[in-house]
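Participant: Pasting a predicted model and its sequence here:
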Amino acid sequence: MTNRRHRKAPSRRHVRGRQIPPRPHWLLLGVLTVTLSTGLLLQGYTHHLFGITSDAATGVRGRSDAVPEQVTRGGPVIANAAASAHTARVEDRTVALTFDDGPDPVWTPRILDVLRRNHVHATFFVVGTEVVKHPELVRRIVAAGHQVGIHTFTHPHLSRIAPWQRSLELRETQLAVAGAAGVTTALLRPPYSSTSNALDNADWSVLQQADTAGYVTVLSTKDTKDWERPGTDRILALATPHGRTGHIVLMHDGGGDRAQTVAALATLIPRLKSHGYRFATVGAAVGMSGPVQRAALGDRLQGWALIKVLQTGDRAVWLLGVLMYAAAAISLLRAAVVLVAARRHRRLRSRARGRPWGRPVTDPVSVIVPAYNESAGIEAAVRSLAASDHPVEIIVVDDGSTDGTADLVDSLHLPGVHVIRQPNAGKPTALNTGLAAATCDLVVMVDGDTVFETDTVHTIVQPFADPRVGAVSGNAKVVNRGGLLGRWQHIEYVIGFNLDRRLFDLAQCMPTVPGAVGAFRRQALLDLGGVSDVTLAEDTDLTMALCRTGWRVVYEEGAIAWTEAPASLNALWRQRYRWCYGTLQAMWKHRGALVQRGAAGRLGRRGLVYLLLFQVLLPLLAPVVDIFALYGLAFLDPVRIIGLWVAFLLLQLMTGLYAFRLDGERPGPLWSLPLQQFVYRQLMYLVVIQSVFTALSGTRLRWQRMERYGSLPVPAGVPAASDSTRRQPAPHETQTDVVHTGHVP
């Protein structure tokens, strides 16, 4: 990520381009979120709250005094249960084969083939969730002349759920059948039902509610218990009628392995036919006219929509699972890579502690401070630079400030401090102005809201003893750590940015020297034409350009700078949005490094790929983990989900402890790490999403200056100016009014 920016006057190119960030994508994202949430809720309800087990009667039978006697002693088909109930029996020497719990992609086609070969029609009581999965099988059932009935949507015990859930179960199944095959049915078989004389009061209330909704309940007279897989012979024995009485035979075409059912059916039909039995659908067997009708257009459309939504939900859950594993794998990979790299980086630096980069670098350094309305922190910043134990010239480039920033610096009367005033032209131009005025071969660039320690300048230029080094990244630390937001940013700087810099240093593919604390060879910058204003991440753009020209960029963790972090969520959003968008711009600009060789290739195939994986794709995938976690808590195993979350948090905590140890920081702020997962992390997701949308839409983002809070301490070592002195600027040593050209001459 890049560091501080301040407001930039729009160039002509910016004026011609669109300047307002896109808003419609948030509406699109909201619609997608609501749609996905609805699909997941339906998918979770239909797949995980209930489930097909068997059609065995469960539990102890309750009181049955409310069940009419004509029902308990009557036939298996029950109509008009809400008023004057009556039943119907199957005609003599007639068998109505019924199949529950399907359709199943393996067993339903095999059963249909057996029925077709024997010229027999049957009745299939389908489960709504299975209809959604295999609508083509329902169409095949209807096309073959069989009847369909409903067996609820999720196969719950209807007497044990609320009346509104019963209505939902029946209605959704009916819509699914209408959407799949274009028909509606009046036939219902409640799950876990058996015979008429087994009904209790709770079951009777279900039948009454179903009758009100227009359904005729179909029970059975012979249960083959094939769901128990007792063997083909046992299924045949239980399915075979005796005497002339007609029967409704209960079998299953779904819910498990139905090989025994298929085998028994292939024997049963010819055997019963040879004994003079005929086979018919339930409707035909009891003389019921037209239980299955063509569905109305509205029902067909609603059913089609229901099927598509639930199918999308199924695919979404599968995709979420894949993405969750991908995000977890990427997170583990990153943790492993950065920890191994940080350990190796530390060992290498420890070995070289007695063998520094080379001869001590004592050459004077030009320190460039671009400043726009920095009166809140500029005194602390400049005083800290003036207190350096290394010879420096300090060039403060006032970029058209309106708050007296330049006058304040002049009033300090600090030796070696020069102020250059220019019309507001943006940070890259201010840096180029300072670069043109610099007289030293080495330059350090620092933001106007950043304080150096006394040895920071000396420490950061020591790697230049190696002639291959063209730039050095320092160690930026958050100074305003009070409050949760400050702690979270402090954690991010230490765990995220600094661990990454150690890895980039080791892999020789450093993509960013932060604007808050960075050192450069002046000639290397001049050879590039100065600091480019093409992207909002001028520091990342500049660093990548240096890497591509063959310069080595290293990380010096001992060069510490203290910088102000945003103190509000709104300010943090604006800053990170700018950083992320600018980084995407720089990555796109330097995408050619992916196919180059040498130092440029290392930047492309190591640095850019790392940024793409861990700063773009991983944040885009990370919300998937949260969504799937919520889904898992609601519909899967909460204990396992919480366990995985705790494991992920422990991984982050261990990484944080090691990173804090490397940086010499106290681990106390890490207590807020769990809370960071619920606010800060989500904000960063949205930042990346917004940045990607902005980049894809081709919108130009304005510069947005962060509010300054004046929390930087004035360092000791340089006497403070009196108030009267500050109000009366003395003649400055060097003060120039310049007109920017955009590049270093």
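Facilitator: Ah, there it is. Numbering: from 1, shown residues only.

Participant: following the helix or strand where residue 624 lies, which helix or strand shows up next?
Facilitator: In this assignment (DSSP states H and E), residue 624 forms part of helix 618-635. Next in sequence after helix 618-635, counting helices and strands by DSSP H and E, comes helix 638-662.

Participant: That next one: which residues count as buried?
Facilitator: Neighbour counts using 16 or more other Cβ atoms under 10 Å place 641, 644-645, 648, 651-653, 655-656, 658-660, 662 of helix 638-662 among the buried residues. C-beta coordinates here come from the backbone N, C-alpha and C atoms, glycine included.

Participant: what does the average pLDDT come to for that helix?
Facilitator: Regarding helix 638-662, the rounded mean pLDDT is 88.

Participant: Equivalent analysis for stretch 533-541, please.
Facilitator: 91.

Participant: same question, stretch 604-623
Facilitator: Across stretch 604-623, pLDDT averages out at 86.

Participant: Please apply the same query to stretch 397-416.
Facilitator: Per-residue scores along stretch 397-416 average to 93.

Participant: From the opening residue of that stretch to its closing one, how far?
Facilitator: 14 Å (Cα to Cα, to the nearest Å).

Participant: for it, the distance to its chain's centre please.
Facilitator: Relative to its chain's centre, stretch 397-416 lies at 46 Å (Cα atoms, centre = their mean, to the nearest Å).

Participant: Show the contacting residues for the residue nearest to the spatial centre of the chain.
Facilitator: In the chain, the C-alpha nearest the mean C-alpha coordinate belongs to residue 623, at 2.0 Å (Cα atoms, centre = their mean). Residues counted as contacts of residue 623 (Cβ atoms under 8 Å, 6 or more residues apart in numbering) are 682, 685.

Participant: can you map out the strands along the stretch 451-600 of the chain?
Facilitator: Here the stretch 451-600 of the chain has its strands, by DSSP state E, counting those that start in this stretch, at 469-478, 518-521, 552-563.

Participant: mind listing what the second one pairs with, with the direction of each?
Facilitator: Which is strand 518-521. Paired strands of strand 518-521, with direction, are strand 442-445 (antiparallel), strand 469-478 (antiparallel) (DSSP bridges).

Participant: Same question for the last one.
Facilitator: Applying DSSP bridges, strand 552-563 is found paired with strand 450-452 (antiparallel), strand 469-478 (parallel).

Participant: Among those, which comes closest to residue 415?
Facilitator: Closest of the strands paired with strand 552-563 to residue 415 is strand 450-452, at 16.4 Å (criterion: Cβ to Cβ).

Participant: what is the mean pLDDT for the closest one?
Facilitator: Averaged across strand 450-452, the pLDDT comes to 94.

Participant: which stretches of the stretch 1-150 of the chain have low pLDDT?
Facilitator: 1-33, 35-36, 39, 46-61 (pLDDT under 70).

Participant: Walking through it, point out its strands one by one.
Facilitator: 77-79, 86-88, 94-102, 123-126, 147-150.

Participant: The last one - contacts with which helices or strands?
Facilitator: Helices and strands touching strand 147-150, as assessed by 3 or more Cβ pairs under 8 Å, 6 or more residues apart in numbering; DSSP states H and E, comprise strand 123-126, helix 135-143, helix 163-181, strand 183-185, strand 187-188, helix 282-285.

Participant: And that strand, how far out from the chain middle?
Facilitator: On Cα atoms, centre = their mean, the centre of strand 147-150 falls 41 Å from that of its chain.

Participant: Just the CA trace of stretch 71-84, in PDB.
Facilitator: As requested, the backbone C-alpha atoms of stretch 71-84 are provided in PDB (Å, rounded to 0.1, in the frame of the first residue of the first chain):
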ATOM      1  CA  VAL A  71     -61.600 -42.300   9.000                       C
ATOM      2  CA  THR A  72     -59.800 -44.700  11.300                       C
ATOM      3  CA  ARG A  73     -61.900 -47.600   9.900                       C
ATOM      4  CA  GLY A  74     -62.100 -46.300   6.400                       C
ATOM      5  CA  GLY A  75     -60.000 -46.400   3.300                       C
ATOM      6  CA  PRO A  76     -56.500 -45.000   2.700                       C
ATOM      7  CA  VAL A  77     -57.600 -42.000   0.700                       C
ATOM      8  CA  ILE A  78     -59.100 -39.200   2.800                       C
ATOM      9  CA  ALA A  79     -61.000 -36.200   1.500                       C
ATOM     10  CA  ASN A  80     -63.000 -33.300   3.000                       C
ATOM     11  CA  ALA A  81     -61.200 -33.700   6.300                       C
ATOM     12  CA  ALA A  82     -62.000 -30.200   7.400                       C
ATOM     13  CA  ALA A  83     -65.800 -30.800   7.200                       C
ATOM     14  CA  SER A  84     -67.600 -34.100   6.800                       C
END
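
Participant: sorry, back to before: what's the closest of the strands paired with strand 518-521 to residue 559?
Facilitator: From those, taking Cβ to Cβ, the stretch that ends up closest is strand 469-478, at 3.7 Å.

Participant: Check which residues of stretch 147-163 are buried.
Facilitator: Those would be 147-159, 161, for stretch 147-163 by 16+ other Cβ under 10 Å.

Participant: returning to that earlier point: using TSV, lay out the strands of the stretch 1-150 of the chain together with distance to residue 264.
Facilitator: Compiled in TSV, the strands of the stretch 1-150 of the chain are given as follows (distance: least, Cβ to Cβ, whole Å):
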stretch	distance to residue 264
strand 77-79	24
strand 86-88	27
strand 94-102	11
strand 123-126	17
strand 147-150	21
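
Participant: now, of those strands, which is deepest in the fold?
Facilitator: strand 123-126 (a mean of 29; mean count of other Cβ atoms under 10 Å).

Participant: List the neighbouring strands of it plus their orientation.
Facilitator: Here, using DSSP bridges, strand 123-126 pairs with strand 94-102 (parallel), strand 147-150 (parallel).

Participant: just to revisit the earlier point, now flag whichever of the buried residues of stretch 147-163 is closest to residue 97.
Facilitator: Using Cβ to Cβ, those come closest to residue 97 at residue 147, 10.6 Å.

Participant: Give me the neighbour count for the nearest residue to residue 149 once chain neighbours are set aside.
Facilitator: Computed as Cβ to Cβ, 6 or more residues apart in numbering, the closest residue to residue 149 that is not its neighbour in sequence is residue 187, at 3.2 Å. Other residues near residue 187 come to 24 when the count uses other Cβ atoms under 10 Å.

Participant: Mind pulling up the pLDDT for residue 187?
Facilitator: Taking residue 187 on its own, its pLDDT is 97.

Participant: Next secondary structure after the lengthiest helix in the chain?
Facilitator: Taking DSSP state H as the criterion, the chain has its longest helix at helix 297-351. Using DSSP H and E, the helix or strand that follows helix 297-351 in sequence is strand 365-371.

Participant: packing partners for that next one?
Facilitator: helix 378-386, strand 392-399, helix 405-411, helix 427-437, strand 442-445, helix 456-461.

Participant: List of residues touching it?
Facilitator: For strand 365-371, contacts defined as Cβ under 8 Å, 6+ apart pick out 6, 378, 381-382, 385, 388, 390-399, 401, 405-406, 409, 427, 430-431, 434-435, 438-440, 442-448, 457, 461, 519, 522.

Participant: Using TSV, please lay out the strands paired with strand 518-521 together with mean pLDDT and mean neighbour count.
Facilitator: TSV is the format used below for those (pLDDT from 0 to 100; neighbours: other Cβ atoms under 10 Å):
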stretch	mean pLDDT	mean neighbour count
strand 442-445	97	26
strand 469-478	95	25
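
Participant: so which of those gets nearest residue 73?
Facilitator: That would be, of the strands paired with strand 518-521 and by Cβ to Cβ, strand 469-478, which comes in at 82.1 Å.

Participant: before we move on, back to that, so which of the buried residues of stretch 147-163 comes closest to residue 564?
Facilitator: Comparing the buried residues of stretch 147-163 against residue 564 with Cβ to Cβ places residue 154 closest, at 55.7 Å.

Participant: Can you get me a residue count around the closest residue to residue 294 other than its chain neighbours?
Facilitator: In space, residue 294 comes closest to residue 183 once its chain neighbours are excluded; the distance is 5.9 Å by Cβ to Cβ, 6+ apart. The local packing of residue 183 (other Cβ under 10 Å) involves 20 other residues.
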